[in-house]
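>>> Sharing a model that was predicted from the sequence below.
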Amino acid sequence: MLSVIRTIWNVFLHSFRRRVTIQYPDEKPYLTPRTRGRIILSRDPDGGERCVACHLCSAVCPVDCIALQATEDENGRRYPEFFRINFSRCIFCGLCEDACPTYAIQLTPDFEMSEHNRQNLVYEKQDLLISGPGKYTGYNFWRVSGVQIEGKDKGEAENEAPPTDVYRLTP
Amino acid sequence: MPKAPELAEFVETSTLLKARPEEGAKDRTMVLNMGPQHPSTHGVLRLVIEIDGETVLKVVPDIGYLHTGIEKTCEAKFYQQVVPLTDRIDYLCPMTNNLAYCLAVEKLLQLEIPDRAQWLRVLLNELTRLNSHLVWLGTHAMDIGALTVFLYCFREREEILRIFEHVSGQRMMTSYFRVGGLSLEPPIDFFDRVRRFIKVMPEKIDEYENLLTGNPIFINRLKGVGYLSPEDAISLGVTGPPLRASGVDWDLRRDMPYSSYEKFQFKVPVSNDGDVWARYLVRIQEMRESVKIVEQALEGMPEGRITADAPKVVLPDREKMKTQMESLIYHFKIVTEGFTVPAGQVYQAVESPRGEMGYYVVSDGTAKPYRVHMRNPSFATLQALQTMCAGRLIADVVAVIGSIDIVLGEIDR
């Protein structure tokens, strides 16, 4: 009997505690930057596409939900002709983000992706590509890589020495 | 090729037929169907119960409603791709599953895991145990009729899930461990957050005990119900808290230490009563011990790397990958081709919140496992249901199912 009264007293005291319920659609919960939600494709600080269509994300994806086709533009930059993520298959494991060598594919703290129609969950490139650099600002793959593109010759990248002239006699 | 049996034929020949009443006993007994959509069968478990009045004569669990073929799927994936799958086996303790799988593969690879990674694994595993036990306590008490405890438990569980989200990126399907270490360095305020949580946790456990341990209704529903003798427990393969509640002092963390559990001091709670009440007390004590282990892990957290020094297995450091050609090559090789594991077979068991969770991995020397089999504690514990429930009332079946803490995702795989 005493224990029951103590329980009721305990529950009564709880009615004065701080509420922990978050009124969800009106009040959004705080999600940490690491939260693995909707996948995006980011751009580098210059505004160009970061994705170089290396296929690593689609190779590592355990559920094979990423499909892309590589192509090259007139400046010599590789980019995906199409990039398709089927979010009805995606399990948000984050392996693609780990695999991406250019920070192009990123998982964002957005989970509100419900659709009435399953077909709408297949995101094409225009749905995925955002206009900013996402979580990793500053990194620009085409500035640091040694690949020759329009406007950047061999040896002009950051931290890169000019190529050796093989016809010179001095070492 | 044999023809698929017709539905009626299948029903006639299925094992559930055995649950039907014996000939000549038709007028006294009846068959009761409990589940698969029953709130207290904890998932999609169907129980075919033969009853005489209100007395249970026979309980036949019908499993397989949640079968997803994870074991077979593992054979088609690279070793690193299996890690997200292991989360989904026992969705209440994803980190334990990750750990068991990673330890098994690391054993085949003979990798040396740095201390920091091992301690972080222990820390997160004990948080997982707290998380799982909180769900157990909440749902168990709710089955008995105490709804308040459920809300209190889920309040604390929410904080654990937020910590998981903070460190790994997701609340339940964490996929945080990798073969050879961890996927990411924990964030800066991670340890403070765990410390804050662990500081208040003992009070909260007192609060639950305040509501339940002295409560006469709760005691009457639990005491003396679902007795399981130590001999039965061992012969049925029961592990974890139900085994310890039956008086068998066996805990893999202490008796077969893995991931540097031998460096932690903790007690293994044991009870000799073997009933539902004993299982309740054992789990509550385990929660308190888990809090102590987390405290020790926080105090003595070593510095250093979080991944093993194995460039052919572990993805290279990102900064190195961006600047060094060799790292980039390894990165591409591991991601596209996986890493090969020497041929052999290995069994690695860890103490999950439900008992002995073991991974049996067979490698044929390629980058994909030849066979991955999981030894799941719930599967063995469920078999003891008949022993525990026979001769008791139907209402006791609910209490017993709550006390063995089953997860159907793990049973069906």
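Thanks, I have the structure now.

>>> Mind listing the strands the helix or strand hosting residue B:358 pairs with, and their directions?
Assigned by DSSP states H and E, residue B:358 falls within strand B:355-363. Strand B:355-363 has its sheet partners listed here by DSSP bridges as strand B:344-352 (antiparallel), strand B:371-375 (antiparallel).

>>> Relative to the whole chain's centre, how far out is it?
13 Å (Cα atoms, centre = their mean, to the nearest Å).

>>> Need the CA coordinates for it. CSV is fine.
Output of strand B:355-363 as CSV, limited to C-alpha atoms (Å, rounded to 0.1, in the frame of the first residue of the first chain):
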residue,chain,number,x,y,z
GLY,B,355,22.7,-13.3,-24.4
GLU,B,356,25.4,-14.9,-26.5
MET,B,357,25.4,-13.3,-29.9
GLY,B,358,27.8,-15.2,-32.1
TYR,B,359,29.0,-14.8,-35.6
TYR,B,360,30.2,-17.7,-37.6
VAL,B,361,32.1,-16.5,-40.6
VAL,B,362,33.5,-18.8,-43.3
SER,B,363,35.9,-17.3,-45.7
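
>>> quick one, helices of the stretch 201-350 of chain B?
Ranges of helices in the stretch 201-350 of chain B, per DSSP state H, counting those that start in this stretch, are B:216-222, B:230-235, B:241-245, B:252-255, B:276-299, B:318-323, B:325-337.

>>> in the last one, what's buried?
By that I understand helix B:325-337. Neighbour-count burial for helix B:325-337, counted by 16 or more other Cβ atoms under 10 Å in any protein chain shown, picks out B:327-328, B:330-332, B:334-336. For the C-beta atoms, the positions are set from N, CA and C on the backbone; glycine is no exception.

>>> Counting residues, name the longest helix you see in the chain.
No chain in the question, so chain A it is. helix A:2-14 (DSSP state H).

>>> wait, I meant chain B there
helix B:115-144.

>>> Need the strands paired with strand B:355-363 in a markdown table (columns: mean neighbour count and mean pLDDT).
As requested, those are arranged in a markdown table below (neighbours: other Cβ atoms under 10 Å in any protein chain shown; pLDDT from 0 to 100):
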| stretch | mean neighbour count | mean pLDDT |
| --- | --- | --- |
| strand B:344-352 | 20 | 91 |
| strand B:371-375 | 19 | 90 |
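
>>> how about the residues of chain B near chain A?
Counting by Cβ under 8 Å from any Cβ of the partner chain, the residues of chain B lying close to chain A are B:77-78, B:80-85, B:148, B:152, B:155, B:158, B:165-170, B:173, B:175, B:183-184, B:187, B:207, B:210-211, B:214-216, B:315, B:321-323, B:328, B:331-332, B:335-336.

>>> Could you identify the buried members of these?
Judged by 16+ other Cβ under 10 Å, buried ones among those: B:77-78, B:80-85, B:148, B:152, B:155, B:158, B:165-170, B:173, B:175, B:183-184, B:207, B:210-211, B:215, B:315, B:321-322, B:328, B:331-332, B:335-336.

>>> before we move on, back to that, mean pLDDT lowest where, among the helices of the stretch 201-350 of chain B?
Ranked by mean pLDDT, the helices of the stretch 201-350 of chain B end with helix B:318-323 in last place, scoring a mean of 83.

>>> Which elements pack onto that helix?
helix B:325-337 (3 or more Cβ pairs under 8 Å, 6 or more residues apart in numbering or on different chains; DSSP states H and E).

>>> Which residues of chain A lie near chain B?
A:1-4, A:6-7, A:10-11, A:14, A:20, A:31-32, A:34-36, A:54-56, A:59-60, A:62, A:91-95, A:98-99, A:101, A:107, A:139, A:144, A:159.

>>> rerun that using 6 Å as the cut-off
A:3, A:7, A:10-11, A:20, A:32, A:34-36, A:56, A:59-60, A:62, A:91, A:93-94, A:99 (Cβ under 6 Å from any Cβ of the partner chain).

>>> coming back round to it: what's next to the helix or strand just after the longest helix of chain A, contact-wise?
Per DSSP H and E, the first helix or strand lying C-terminal to helix A:2-14 is strand A:39-41. With contact meaning Cβ atoms under 6 Å, 6 or more residues apart in numbering or on different chains, strand A:39-41 is reached by A:51, A:85, A:104, A:106-108, A:128-130.

>>> go with 7 Å
A:51, A:83, A:85, A:104-108, A:128-130, A:134 (Cβ atoms under 7 Å, 6 or more residues apart in numbering or on different chains).

>>> Looking at these, which are in strands?
A:83, A:85, A:105-107 (DSSP state E).

>>> ok, back up a step: filter the residues of chain A next to chain B to the buried ones?
Looks like the residues of chain A next to chain B have A:3, A:7, A:32, A:34-36, A:56, A:59-60, A:62, A:91, A:93-94, A:99 buried, using 16+ other Cβ under 10 Å.

>>> unless I'm mixing things up, residue A:32 is touching residue B:165, no?
Yes. The pair residue A:32 / residue B:165 is scored as a contact, 5.8 Å apart, by Cβ atoms under 7 Å.

>>> With pLDDT and distance to residue B:89 as added columns, please give the buried ones among the residues of chain A next to chain B in JSON lines.
Listed next are these as JSON lines, based on pLDDT from 0 to 100; distance: Cβ to Cβ, whole Å:
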{"residue": "A:3", "pLDDT": "81", "distance to residue B:89": "39"}
{"residue": "A:7", "pLDDT": "84", "distance to residue B:89": "37"}
{"residue": "A:32", "pLDDT": "88", "distance to residue B:89": "25"}
{"residue": "A:34", "pLDDT": "88", "distance to residue B:89": "23"}
{"residue": "A:35", "pLDDT": "90", "distance to residue B:89": "23"}
{"residue": "A:36", "pLDDT": "90", "distance to residue B:89": "19"}
{"residue": "A:56", "pLDDT": "90", "distance to residue B:89": "27"}
{"residue": "A:59", "pLDDT": "90", "distance to residue B:89": "24"}
{"residue": "A:60", "pLDDT": "91", "distance to residue B:89": "21"}
{"residue": "A:62", "pLDDT": "90", "distance to residue B:89": "14"}
{"residue": "A:91", "pLDDT": "90", "distance to residue B:89": "14"}
{"residue": "A:93", "pLDDT": "89", "distance to residue B:89": "14"}
{"residue": "A:94", "pLDDT": "88", "distance to residue B:89": "19"}
{"residue": "A:99", "pLDDT": "90", "distance to residue B:89": "24"}
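
>>> Out of the ones in strands among the contacts of strand A:39-41, which end up buried?
Looks like the ones in strands among the contacts of strand A:39-41 have A:83, A:85, A:105-107 buried, using 16+ other Cβ under 10 Å.

>>> is it possible to export those residues to a markdown table including pLDDT?
Formatted as a markdown table, those follow (pLDDT from 0 to 100):
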| residue | pLDDT |
| --- | --- |
| A:83 | 91 |
| A:85 | 92 |
| A:105 | 91 |
| A:106 | 91 |
| A:107 | 91 |
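
>>> which of those lies closest to chain B?
residue A:107 (7.0 Å; Cβ to the nearest Cβ).

>>> give the contact list for the closest one.
Counting by Cβ under 7 Å, 6+ apart, residue A:107 touches A:36-37, A:39, A:92, A:94, A:97, B:169.

>>> Name whatever forms a beta bridge with it.
Residues in beta-bridge contact with residue A:107 (DSSP bridges): residue A:39.

>>> Flag the shaky bits of the chain, pLDDT-wise.
Just going to use chain A. Applying pLDDT under 70 to chain A flags the ranges A:171.

>>> The chain in question should be chain B.
Using pLDDT under 70, chain B drops low at B:1-27.
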